[in-house]
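Asks: Any chance you could fold what I've pasted below:
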Amino acid sequence: MTTQEVKRKLTAILSADVKGYSLLMGEDEVGTIRTLSTYRKIMITLTQQYRGRVVDAPGDNVLAEFGSVVDAVQCAIEIQKEFKARNAEVPENQKMEFRMGVNIGDVIEEGKKIYGDGVNIAARIESLAEGGGICISGTAYDQLKNKLDLEYEFLGEKEVKNIAGPVRVYRVQLKPGVELSVSRRERRTGLRRWQWAAMAVVVLLIAGFVTLAIWKYYTPPAPKTEVVPKEKITATLPEKPSATTPPSTEVAPKEKVAPPLPEKPSRVTTATPPVEKADPKKMAFPLPDKPSIAVLPFANMTGDASQEFLVDGLTENIITALARMPQLFVIARNSTFVYKGKGVKVQQVAEELGIQYALEGSVQRSGDKVRITAQFIDAIKGRHLWAAQYDREMKDLFQLTDEVTRKVLSAVIIKLTGQEEAQLRRRKDPKNTEALLRAFEVIAAMRGLNPKDNAQAKRLAEELTAMDPDWSLGFTLLARAHYMDVALGVSASPKESLAKALELAQKAVAMDEFSPTNYDTLGYVLSMKGEHERALAEFEKASTLCPSCSDPYMYIGYIQYCMDDTDKAIASLQTALRLNPYPPPYYYGHLGNAYRHAGRYEEAIPAYKKAIQISPNFQLAYVGLVTSYSLLGREEEARSAAQEVLRLNPKFSVEVLAKTMPYKNREKVVRFADALRKAGLK
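Replies: Alright, predicted model coming up:
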């Protein structure tokens, strides 16, 4: 984009997110998404009533702009009052409180999107607000201070991330007994009068155009004569051709498709803002010796939080497809999803994850139609390699995953050999969209790692196997639900649960021998049955099928320390952590166990503490801490950690734990059990 094409404007920006969103999702993911969807609709409605528009709404964030800062603050207050009334009617652990920040500043406008420090300052100020509260910048305060009957508390000049110079911040408060000058009902009534008056004047003039628009968008295309491109691709090229990037020879296929997605103007654009270059010297990790890629969570542009399953699932499918390519180094899902809804710069992502390339995009859905936009960025060179927009039917999502994968491979100059082409085609996909969405729900429920969520996951997985008995993923997910019953201590018969899990896992592998997830599941079941060598063989098959998948390396490290091969275990787990720098807590739990098995208790303790930092109620990490402290003779710290174990599980039993430890060296089981008893556990 040239300087002449950049469009700037001064606008009022409102940024909002949910206080404690991760905690709410951890306790009840489905319920939280349902509540968020309701609250977001309220925000969209009120924003429109105050003459604003919602620019973006990824995850739990909402970004809106207004022509007047007065409208922006009045809207924010009205939203908070509405949410406060709704929260008063629900239990404490189900309340959803938004933090809001308002700024007035200069922004870059591209299509329906806005960028720049004006937006960034609003987001930073929002993070300083309390749940249910509103903070505003000094520039907003200067415009507001004599226009609304409000009180403002000066919080000082704050240093905020990625903003040069301090920012004045004020907390907004209504004066006791004071209401907004215009009530919501009055505002709605006023708008209706204006709208009807305007319509009365122009209705005859636009009637013909309305009829034409209805015919255009709702009349099915002629079955034999209309041919519409299957995809529309807009490439964003560098100003000067790169000597290292060959010209694209790809030609988009053409076939008949349904009418364009939304009737309303799309909020999706393939226009691309400038990219700041990442500095290889600032990388948190050394750059790998092959192309390194992070797939950022695609933005949910549907306006419906219940579609997060679809959007996240599509992102995960692309990550999985790329990770199976041995020529690439691909960051795992857990690490890229820490950026979900954060609006971070690609430069920051590249430096924090130690990668060169980033793929980002968004998803819109209308019935059975879906629109995907994607852009692939070289963060070190600071340029877009390509940008594309795809219009598809829901049933074509897996084919779309393959197309995006091929474009990424082409962009980083990797020749797709016949073997790799076959690998892309080997995957066995679900028969219908319903099965795909149900699988996303099962995976989301399983991330809870607690008995309640696992019970829900098992029920949904059983429904999935009934919906699509030919898709192996349903059976592998159901196998995981059964062995998690044993791991969580809720199985009425651990022997029967493991037998059922083994049967399901073996069936999944027989149905699809090219799925790394199936081998991971089978390997874990075998490890719980004490069949270490067979388990290791299954994990190694998974890593061969998916060289950049972090889970197989994590599982390999796990089984290696179970077999007392601690040096290899630590190396495998460090490989998993490089592929997944922001992992789930059990990665660090396994690393702590590996150090503990090696007798390196001082190194085990920080690993367990990292696991607890990620998940404060991770019981097995506290057990590892108790053992390590006790074996080091640090009795007071061991007893303190033991109290945390009892807080989480008052019925904790050393004997039961010892029976479930799948360690080949039973002398270490006895040593660890004695250390636990020494700290006061029974």
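Asks: Could you use CA atoms for every contact and neighbour count after this?
Replies: Will do.
Asks: May I see the buried residues of stretch 542-553?
Replies: Buried residues in stretch 542-553, defined by neighbour count with 16 or more other Cα atoms under 10 Å: A542, S543, L545, C546, P547, S548, C549, S550, D551, P552, Y553.
Asks: typed the wrong thing, it's stretch 491-506
Replies: S491, P494, S497, L498, A499, K500, A501, L502, E503, L504, A505, Q506.
Asks: E434: neighbour count?
Replies: 14 (other Cα atoms under 10 Å).
Asks: who touches the strand or helix carrying it?
Replies: Taking DSSP states H and E as the definition, E434 sits inside helix 433-446. By Cα atoms under 8 Å, 6 or more residues apart in numbering, the residues outside helix 433-446 that reach it are 29-30, 309-310, 313, 394-395, 430, 453-454, 456-458, 460-461, 464, 467-468, 473-474, 477, 481.
Asks: before we move on, what about stretch 485-500?
Replies: Outside stretch 485-500, the residues touching it (Cα under 8 Å, 6+ apart) are N450, P451, N454, A479, H482, Y483, V525, M528, K529.
Asks: now with 10 Å?
Replies: 449-451, 454-455, 458, 478-484, 501-505, 525-526, 528-529, 656-657, 660 (Cα atoms under 10 Å, 6 or more residues apart in numbering).
Asks: Kindly report the same for stretch 630-644.
Replies: Contacts for stretch 630-644 (Cα under 10 Å, 6+ apart): 596, 599-602, 616-619, 621-629, 645, 647, 649-650, 671-672, 674-681.
Asks: Give me the subset of those lying in strands.
Replies: With DSSP state E as the criterion, strands contain none of the contacts of stretch 630-644.
Asks: And those residues, which of them are buried?
Replies: 596, 601, 618-619, 621-629, 645, 672, 674-679, 681.
Asks: Toward the C-terminus, what is the element adjacent to the helix holding E434?
Replies: By DSSP H and E, the next helix or strand past helix 433-446 is helix 451-467.
Asks: Any idea how far the helix or strand that comes right after that next one is from the middle of the chain?
Replies: Using DSSP H and E, the helix or strand that follows helix 451-467 in sequence is helix 472-487. Relative to its chain's centre, helix 472-487 lies at 23 Å (Cα atoms, centre = their mean, to the nearest Å).
Asks: now helix 472-487 against helix 433-446, angle please.
Replies: 20 degrees (axes from the mean of the first three to the mean of the last three Cα atoms, to 10 degrees).
Asks: Show me what counts as buried in helix 472-487.
Replies: Applying 16+ other Cα under 10 Å to helix 472-487 flags 472-487 as buried.
Asks: And for stretch 34-51?
Replies: Neighbour-count burial for stretch 34-51 [16+ other Cα under 10 Å]: L36, S37, Y39, R40, M43, I44, L46, T47, Q49, Y50.
Asks: same question, stretch 649-660
Replies: Quick answer for stretch 649-660 (16+ other Cα under 10 Å): V654, T660.
Asks: go on, stretch 319-333?
Replies: Within stretch 319-333, judged by 16+ other Cα under 10 Å, the buried ones are 319-325, 327-333.
Asks: Can you tell me which of those residues lies closest to V18?
Replies: Here the nearest of the buried residues of stretch 319-333 to V18, counting by Cα to Cα, is R333; it sits at 22.2 Å.
Asks: contacting residues around the closest residue to the closest one other than its chain neighbours?
Replies: Computed as Cα to Cα, 6 or more residues apart in numbering, the closest residue to R333 that is not its neighbour in sequence is E316, at 6.5 Å. The contact partners of E316, taken as Cα under 10 Å, 6+ apart, are V295, L296, P297, F298, L310, L322, A332, R333, N334, F337, T401, F440.
Asks: The last one - how many residues pack around it?
Replies: Counted with other Cα under 10 Å, residues neighbouring F440 total 19.
Asks: Return the distance of it relative to Y357.
Replies: Going from F440 to Y357 by Cα to Cα, to the nearest Å gives 26 Å.
Asks: Now find how far off-centre stretch 513-527 is within its chain.
Replies: That offset, for stretch 513-527, works out to 24 Å (Cα atoms, centre = their mean).
Asks: model confidence over that stretch, on average?
Replies: Per-residue pLDDT values over stretch 513-527 give a mean of 91.
Asks: Stretch 459-476 too?
Replies: 93.
Asks: Centroid-nearest residue for the chain?
Replies: Taking Cα atoms, centre = their mean as the criterion, F337 is the residue nearest the geometric centre of the chain, at 3.8 Å.
Asks: my read: it touches D312, true?
Replies: Yes - using Cα atoms under 10 Å, F337 is in contact with D312, at 9.0 Å.
Asks: what touches both of the two?
Replies: Joint contacts of F337 and D312 (Cα under 10 Å, 6+ apart) are L296, P297, F298.
Asks: From these, pick the one nearest V408.
Replies: L296 (13.8 Å).
Asks: Now do the helices in the stretch 301-450 of the chain.
Replies: Taking DSSP state H, counting those that start in this stretch as the criterion, the stretch 301-450 of the chain contains helices spanning 308-323, 333-336, 346-353, 397-411, 418-426, 433-446.
Asks: By mean pLDDT, show me the worst of the ones you listed.
Replies: Among the helices of the stretch 301-450 of the chain, helix 418-426 carries the lowest mean pLDDT (a mean of 49).
Asks: Using JSON lines, lay out the shared contacts of F337 and D312 together with neighbour count and secondary structure.
Replies: Putting the shared contacts of F337 and D312 into JSON lines (neighbours: other Cα atoms under 10 Å; DSSP: H, G, I helix; E, B strand; the rest coil) gives the following:
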{"residue": "L296", "neighbour count": "25", "secondary structure": "coil"}
{"residue": "P297", "neighbour count": "26", "secondary structure": "coil"}
{"residue": "F298", "neighbour count": "26", "secondary structure": "coil"}
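Asks: okay, and for the stretch 1-150 of the chain, where does confidence drop off?
Replies: 1-6, 26 (pLDDT under 70).
Asks: Helices of that one, start to end?
Replies: So, for the stretch 1-150 of the chain - with DSSP H, counting those that start in this stretch - the helices run 21-27, 29-49, 69-87, 117-126, 138-144.
Asks: so what secondary structure elements neighbour the longest one?
Replies: Where contact means 3 or more Cα pairs under 10 Å, 6 or more residues apart in numbering; DSSP states H and E, helix 29-49 is packed against strand 7-18, helix 21-27, strand 52-56, strand 62-66, helix 69-87, helix 184-218, helix 308-323, helix 433-446.
Asks: Try it again at 7 Å.
Replies: Other elements packing on helix 29-49 under the criterion 3 or more Cα pairs under 7 Å, 6 or more residues apart in numbering; DSSP states H and E are helix 69-87.
Asks: for the helix it packs on, which positions count as buried?
Replies: 69-80, 83-84.
Asks: okay, the residues you listed in a markdown table with distance to F285 next?
Replies: A markdown table is the format used below for those (distance: Cα to Cα, whole Å):
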| residue | distance to F285 |
| --- | --- |
| V69 | 43 |
| V70 | 46 |
| D71 | 45 |
| A72 | 42 |
| V73 | 43 |
| Q74 | 46 |
| C75 | 44 |
| A76 | 41 |
| I77 | 44 |
| E78 | 46 |
| I79 | 43 |
| Q80 | 42 |
| F83 | 43 |
| K84 | 44 |
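Asks: Show me the domain layout of the protein.
Replies: 3-182, 231-426 (automatic domain parsing).
Asks: Let's have the ones you listed in CSV, adding distance to R578.
Replies: Listed next are these as CSV, based on distance: least, Cα to Cα, whole Å:
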stretch, distance to R578
domain 3-182, 24
domain 231-426, 8
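Asks: Would you tell me which of these gets closest to L536?
Replies: domain 231-426 (19.2 Å).
Asks: For the residue lying closest to P291 once chain neighbours are set aside, give its distance to N593.
Replies: Nearest non-adjacent residue to P291, counting by Cα to Cα, 6+ apart: L328, 5.3 Å away. According to Cα to Cα, L328 and N593 sit 30 Å apart.
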